[in-house]
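Undergrad: Build me a model from this:
(2 chains)
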Amino acid sequence: MKKNFTYCLLTLLLLQFNGALIAQQSTVNGKVTSAEDQEGLPGVSIVAEGTGTGTVTDLDGNFSLNVSGSNTVLVFSYIGFATQSVTVGNQQTLNVLMQPEAKGLDEFIVTAFGISQEKKSLGYAAQNIDAEAITKTKQPNIVNSLQGQAAGVQVTNSGGAPGQSARIIIRGINSLDPGANNQPLFVVDGVPVDNSTIESTGTPRGLSNRMADLNPNDVASISVLKGAAATALYGVRAANGAVIVTTKKGKAGEVRVNYNGSVGFETLNQLPKLQDKYGQGFSGEYQPTSFWPSWGAPISEVQQTVADHKYEDNWNRVFNTGIQLDNNLSISGGNEKATFYGSFGNLQQEGIIPFSSWNRTTAKLSGSVKVSEKFNFSGSVNYSNSGGNRVPHDRFMERMMYWSETTDVRDYINEDGTMRTYSNTNPIYDARFATYEDDVNRVIGNINFNYMPTEWLAFSYRLGNDFYSDQRTEITPGPKGIDGEVPLSSTGYLEENRINSRDLTSNFYITLKKQFSPDLNTSLRLGNDIFERKYDRVTARGENFVIPDFYNLNAASQIFASQYKTVRRLVGFYGDLMVDYKNYLFLNITGRNDITSTLPKNNNSFFYSSFNLGYAFSENIQLPSWVTFGKLRASWAQVGKDTEPHILGSTYVSPSIFPLNGEVGFTRNSVYGDPLLKPEQTNSIEFGLQTAFFNNRANFDVTYYKSNAKDQIIPVPVSDATGYSSYITNAGEIQNSGFEFILGGSPIENSDFSWNITANLSINNNEIKAIKEGIDEIVVGTQYGYSGSTVTMKLLEGEAYGNIFGSSYQRLGTDPDNLFLDPSLPIIIGANGFPVRTGTQLILGNAVPKWIGGIRNDFTYKDFELSFLIDFRTGLEQYNQYANFLSAFGKNEFTEAREDFRVFEGVLADGSTNTKEVWLGQGTGPDGEEYGAGYWRNYYRTTSENFVSDASFIKLRNITIGYNLNPDLLERTPFRTARVSIAANNIILYTPWDGFDPESFSAGAGGNAIGLTGLGYPGVQSFFFNLNLGL
Amino acid sequence: MKTMYTILGLMFFLALSSCENFLDVNENPNNPQDAPISGLMTNATYETSLNVQAIGSISSHYVQYLASPNPAGASDIMDASNYSGLWFDLFNVMTDLTDLMQKAEEEEASHYLGAGQILMALNLGMTVDVFGDVPYSEGFDFSSVTPVYDVDRALYSEVFNLLDQGLQNLTGETAVSLDNDDFIFNGDVSAWIKFANMLKARFMLHTKGTDAYNAQEILATIDNGMMSNEDDATVVFFEQRFNPWAQDAIDNENLLLGGWISTQFIEALDGTSYTTMDPRLSLMIGATDDGEYIGVTNGAGRGNAPEQGARSTLIPGQYYTSEQSPLLIATYAEQKFIEAEVALESDPERAYAAYLEGITAHMDMLEVSGDDKMAYLNNPEVSMGATSLTVADIMKEKWVALFLHPETWNDARRFDYGYKDMTLPENLNGNLNGQYIRRLAYPDNEVSRNGSNVPDVTLLDRIWWNE
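TA: Next comes the predicted model:
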């Protein structure tokens, strides 16, 4: 029945469009050349206006076309060149010179399903980043390469570990679910791929987001689709936006070989300010085996009696200089019938924390075959192998906290292989022997068929796959059985993880084109999209090994195993209608119906639509000559969203501790999935203005957007007494709105010197409009702080995402209803002369930046190039766990003030000014008073307020100086091109933050508890030497 | 091109026609939709023992078995801590028991039903004893997202109902028999019956001083209770999962400090507070590097003492702290002390005999040598004779015999913390106005998720039986 219906529908549509006329024929031949280099342009599209006929140029730019009369107007178009219309007249030979288009205008954007669309026609904001802008950043991870390059796109490096994940958020966080993935969908050559970050289960180790498997050198361009309007066709999976990656393809012409290689060095980019005056011990006394690393006596004093006692400068010496080696070779070419592109890449990286490493080897092959004018197919395979040793950076840094500042941290191992220590665990020994290695093999492939039986009809089919296996081995050694050793673990363990994930996508669509009149062009696409993800993870853990240092599950006396698997399927049907009126008014209507396996059967099919309007007013009305281009755009869009698989209803789980004594216990799952769950819905509106001035010397683009995600599918925390702890249901609404500004231009452009600049700036406002009745708050994450300074990131109705709650000092005149700390009020000082703390949880800051932006500058002078990219973020606060720990152990620079007297600024409870002088040290002060563990431990470290601070920064993301060898010089070499360059990355230009790079945070890219830095892998700056050669 | 059409057509057709089956893949492959009663029993018995331990690890600081090595430890100073985790654990087991009882009834597995009711009574009773009013009647079945709180006294009636029903169900026929899935008694139904009677006596004792108290009924119940240490309700721990007290002792050795002993406890046993040197001391806790027993004053912290070797702590390998030690849920020794307290008024001879038997039972448990046992029992301070026996004597010995057990906190509250030489901790929580803690605060999770129903109480507000 369904089949018949579809058949009928298709037939009807075919009939409608079958209106082309057949008239008198003549043949026009010619050649299309580029005005830039006078070479023939292959693949230029030539269409006889008002008819369905057309062709493309061959390899040398030649074409031949039958036209139906001398009035025929031929339209020549090619990406990157200005479209030209030529009336045939009585010419039989037509040679056309195509002018390259100015940057920023009439560019093409790869939109949904890999379809390239003229930016001019879009009713929504979209930004394109080209290959050069990507590879210049020298970022091994493609997500990092987007940093600062696109408006409204926030990319955060979760740390400086080799291969460590980066998080990308477009236009704010859209879900109230603390566990939600708020990152956009990544699409490679039309195939959605996995970009999840699967963190280690124990201590954080900084694993990769899966997009890191892709070699940035294989990327031709990236377009960022920001709003629902742009992504509506992708359906549920692109509700947070989409990043469309197009990889390099072969071009018809000579075979080209390109090599590029680089060597890079990494160092710590910022260190907290530390004191170097006091050494190991407590209460001002030196104790050589004390747990306390720096509450002891002044180092200079102890030196009088203990000769080798000195400040070891461990924080600078513990880090290595990281090394990065990157080699890439590509070969491409083809003829008018077939093209190919192949590449190899190898990246080897060693991080600044000793023994941290990550390597990636990639191989890519893609090709296309044009069987006839009507039929072509193409395909590509990307293979990658990646992985490394992921050091336990959080634990490493924690152990650095405890490590005595007067004991050499690098002297960590005894000759028999046991740890050298005075008693505390040495961080380097732990990093070396408590290993965690991942080994990921991944294949991303696609195959495409295009069949165009007539000019107005095309069938396209694409099958894509993304398969990876991730093998992880974690070993923590137990005792070696050597007398007096300090083992890392009393039992020792080995954990093997085997993760297999497979995504399959199938996408079939029909494109119909119809010109109703010379002024009205339409195209309609109808398609079907099928997606499946299968995921399987098996974990086996062995403990208590019978032979020291022999780690195989066979030799473990205790074995634990578990399994987790999911399957998710989705079927979507979509339609996309584009109407172009006189090339200045563009209307685009989309509709999509998704049917998902993850929602209840009677609620699992849902439809949503979008409307986009673009009005290029400069093409319609007369404007001053200095206005080159102007367009207004408006859109309204909906997008639906399903949920994770296997969450509906009530189930039972077997806690991981079982089996015990051969028995398997079960408990009711504390999560209950609403059996009436319905899809989440996001509505968004967007308005924008795109302009260009002075013949494209300057351009400006502004966008306003507002999106409301409602009926959110979130785990609502419920009273444990209900029989569940969490109820997954539709509840709550979150709103993001903001402005995006893009400013670009080429202020100077002449034969010797050019300067290009692009800048972007965006502001986002977030508001949680509703949660669920009776539910006051949702906890996103919490992070430890000593003695009541633990902070929590919570969502409250009416407030913004990302508020950090914690303890603070009591203040006189505090409004008990104010959720926010008011730091302008005077601090209350207790009778003992110290500030009085309150455990009442107040909002101390917000971790989501208000403003983000970036500026890119490219200069060329003759054969030299200079470019730099600066990005910044501001209007955010973070919890500095490092500072909390450092103050607990007397390591921050300010804790040097421990033999001082101080009168704390503030007022007594009665409002009078505090005048009491107190001593800041430990034990009995010179005034005879007993100060216990001292100010820093008893007061300072206990108050979260001291550790939630401004985490703005301005960073020099990249600066590159390059020299292109003159073609005259190269003539005697086999090389066509040669370029040398040096670059530097990730240099902090300004930050008020006292600590390691404020960008690092401990949750990893997959987590939403941003703003809780944890003891993250410190950020690094890098320096590179690059060589590019082309044959 | 015909082939192409065929392929495309076929794909489209397949996509449409098999859509429904294709999408029917959402059944959870990891977690079953139903669980067998034996699996629920295994987990419920295991988790119940952990709940006893979890409350014990808090209350051991209140009754001064343990003391924090750090100054002003939250439990030591009776601070209002957030016990969301404990609350979850208690309600999680009660939820599972609700399912277990329902399924057992459907399957006519009366012994499962009976054992489930007893475990429900125990967990509910423990929950009421620490929190007072808690949700129950609207609980466990998601009938309300914000279940109301039932009054503590009414919940006590429910505890006794459950115990009576449990006893009845255990004595009848069953379609399915308990087996090794029962981690407490490995399917021994007669032991369950004795355990149920013992629990009945325990909860009835709490009501002493209220109109609900009936000494004769308790003594009659005890007659059907445990007969020896063999009848103790315990869960013996596992190679894969160590006894949690053992784990604390191991962690402490690895410098994750915990399980430090209170000065109060050491001085009660080392001849300071009493003249008697208790032979159990060295079997229950570790000595310093110098072989001495030195405690930490609750709330004061260890001062300048180093992390290891200078204070007494739980050490691995003793009766309470071996990797595969049993966790004690209810013991014959405790029952004997209940008997002693209840009989004291009406039958001092029975009380005295029970008191001595309680001490003996605990000493046998610890494998105190015969000589040491006799020496201790023959000390006139211990064997004062039936006429001289007081509640304080019983309480002191019960306090020792119930080392680390949460029941001691119930005793302490009934006894107004009247143990010899017991003093308020240093740095006592200022909100307590110089008094001892009487209950736990409702956990933060409950306040944020069910706030409108959570009663407004302070840590000084007493549970109904302590009012």
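
Undergrad: Might you report the residue contacts of the closest residue to chain B within chain A?
TA: Chain A approaches chain B most closely through A:G665 (3.1 Å), counting by C-beta to the nearest C-beta. To be clear about C-beta, it is placed using only N, CA and C from the backbone, and glycine gets the same treatment. Applying C-beta atoms under 8 Å, 6 or more residues apart in numbering or on different chains, we find A:G665 in contact with A:654-655, A:657-658, B:39-40, B:42-44, B:46.

Undergrad: next one: A:E740
TA: A:E740 is in contact with A:125, A:151-152, A:226, A:701-703, A:705, A:760-762, counting by C-beta under 8 Å, 6+ apart.

Undergrad: That one belongs to a strand?
TA: Yes - counting by DSSP: H, G, I helix; E, B strand; the rest coil, A:E740 is located in a strand.

Undergrad: ok, the contacts of A:E740 vs A:D594, which is closest?
TA: A:K226 (20.6 Å; C-beta to C-beta).

Undergrad: Disregarding flanking residues, what is the spatial nearest neighbour of the residue of chain A closest to chain B?
TA: Closest residue in space to A:G665, ignoring its immediate chain neighbours: B:N43 at 3.1 Å, by C-beta to C-beta, 6 or more residues apart in numbering or on different chains.

Undergrad: so the one you found touches A:P655, yeah?
TA: Yes - using C-beta atoms under 8 Å, B:N43 makes contact with A:P655 at a distance of 6.7 Å.

Undergrad: neighbour-wise, which of those two wins?
TA: Of the pair B:N43 and A:P655, B:N43 is the one with more neighbours under other C-beta atoms under 10 Å in any protein chain shown, namely 31 against 13.

Undergrad: and that one, that's in a helix?
TA: Yes - assessed with three-state DSSP, B:N43 lies in a helix.

Undergrad: Now do the contacts for it.
TA: B:N43 touches A:655, A:658, A:665-667, B:96, counting by C-beta under 8 Å, 6+ apart.

Undergrad: Between its first and last residues, what's the separation in stretch A:586-606?
TA: 27 Å (C-alpha to C-alpha, to the nearest Å).

Undergrad: rewinding a little: the contacts of A:E740 in strands, which ones?
TA: A:701-703, A:705, A:760-762 (DSSP state E).

Undergrad: PyMOL command for the buried members of these?
TA: To isolate the buried ones among these in PyMOL, judged by 16 or more other C-beta atoms under 10 Å in any protein chain shown, type:
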select buried, chain A and resi 701+702+703+705+760+761+762
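
Undergrad: With pLDDT and distance to chain B added, can I get the ones in strands among the contacts of A:E740 in JSON lines?
TA: Formatted as JSON lines, these follow (pLDDT from 0 to 100; distance: C-beta to the nearest C-beta, whole Å):
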{"residue": "A:D701", "pLDDT": "95", "distance to chain B": "39"}
{"residue": "A:V702", "pLDDT": "97", "distance to chain B": "41"}
{"residue": "A:T703", "pLDDT": "96", "distance to chain B": "36"}
{"residue": "A:Y705", "pLDDT": "97", "distance to chain B": "33"}
{"residue": "A:N760", "pLDDT": "96", "distance to chain B": "40"}
{"residue": "A:L761", "pLDDT": "97", "distance to chain B": "38"}
{"residue": "A:S762", "pLDDT": "97", "distance to chain B": "34"}
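
Undergrad: what sits in contact with each of B:N43 and A:P655?
TA: With C-beta under 8 Å, 6+ apart, B:N43 and A:P655 have common neighbours A:665, A:667.

Undergrad: Can you give the distance of the host helix or strand of A:D394 from its chain's centre?
TA: For A:D394, the host element (DSSP states H and E) is helix A:393-402. Distance of helix A:393-402 from its chain centroid, counting by C-alpha atoms, centre = their mean, to the nearest Å, is 26 Å.

Undergrad: near chain B, anything from it?
TA: No - using C-beta under 8 Å from any C-beta of the partner chain, helix A:393-402 never reaches chain B; the gap is at least 9.8 Å.

Undergrad: Let me see the residues that make contact with that helix.
TA: A:159, A:161, A:203-206, A:291, A:293, A:314-315, A:318, A:353, A:356, A:409, A:424-427, A:430-431, A:434, A:882, A:885-886, A:888-889, A:891, A:1002, A:1014-1018.

Undergrad: Buried residues, stretch B:175-183. List them.
TA: Quick answer for stretch B:175-183 (16+ other C-beta under 10 Å): B:178, B:181-183.

Undergrad: again with stretch A:550-564
TA: Residues A:551, A:556, A:560 are the ones in stretch A:550-564 that count as buried (16+ other C-beta under 10 Å).

Undergrad: got a list of what the closest residue to A:T111 other than its chain neighbours touches?
TA: Closest residue to A:T111 apart from its sequence neighbours, by C-beta to C-beta, 6+ apart: A:Q117 at 4.9 Å. Residues counted as contacts of A:Q117 (C-beta under 8 Å, 6+ apart) are A:108-111.

Undergrad: does A:Q117 sit in a helix, a strand or a coil?
TA: Reduced to three states by three-state DSSP, A:Q117 is strand.

Undergrad: Dig out what it forms beta bridges with.
TA: A:Q117 forms beta bridges with A:I109, as assigned by DSSP bridges.

Undergrad: okay, it: pLDDT?
TA: For A:Q117, the model assigns a pLDDT of 81.

Undergrad: can you check the one 3 residues further on too?
TA: Per-residue confidence at A:K120 stands at 81 (pLDDT).

Undergrad: my read: it touches A:F617, true?
TA: No - counting by C-beta under 8 Å, A:F617 is not a contact partner of A:K120; they are 11.8 Å apart.

Undergrad: list the residues that contact both of these two?
TA: By C-beta under 8 Å, 6+ apart, the residues touching both A:K120 and A:F617 are A:K631.

Undergrad: Can you pick out the residue with more neighbours from these two?
TA: More crowded of A:K120 and A:F617, by other C-beta under 10 Å: A:K120, with 20 against 16.

Undergrad: tell me the SS of the more buried one?
TA: Criterion first, three-state DSSP; result for A:K120: helix.

Undergrad: A:S618 versus that one, what's the distance?
TA: Distance, A:K120 to A:S618, using C-beta to C-beta, to the nearest Å: 10 Å.

Undergrad: can you list residues touching both of those two?
TA: Any residue near both A:K120 and A:S618 by C-beta under 8 Å, 6+ apart counts here, and that gives A:K631.

Undergrad: Tabulate the contacts of A:E740 (a markdown table), appending distance to B:D89.
TA: What follows is these, written out as a markdown table (distance: C-beta to C-beta, whole Å):
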| residue | distance to B:D89 |
| --- | --- |
| A:A125 | 51 |
| A:A151 | 49 |
| A:G152 | 45 |
| A:K226 | 45 |
| A:D701 | 56 |
| A:V702 | 55 |
| A:T703 | 51 |
| A:Y705 | 46 |
| A:N760 | 51 |
| A:L761 | 51 |
| A:S762 | 46 |
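
Undergrad: Specify which member of the residues you listed is nearest to A:G688.
TA: Closest approach to A:G688 among these (C-beta to C-beta): A:T703, at 4.1 Å.

Undergrad: Just list whatever residues bridge to the closest one.
TA: A:G688, A:E740.

Undergrad: can I assume it is in contact with A:A151?
TA: Yes - using C-beta under 8 Å, A:T703 makes contact with A:A151 at a distance of 7.4 Å.
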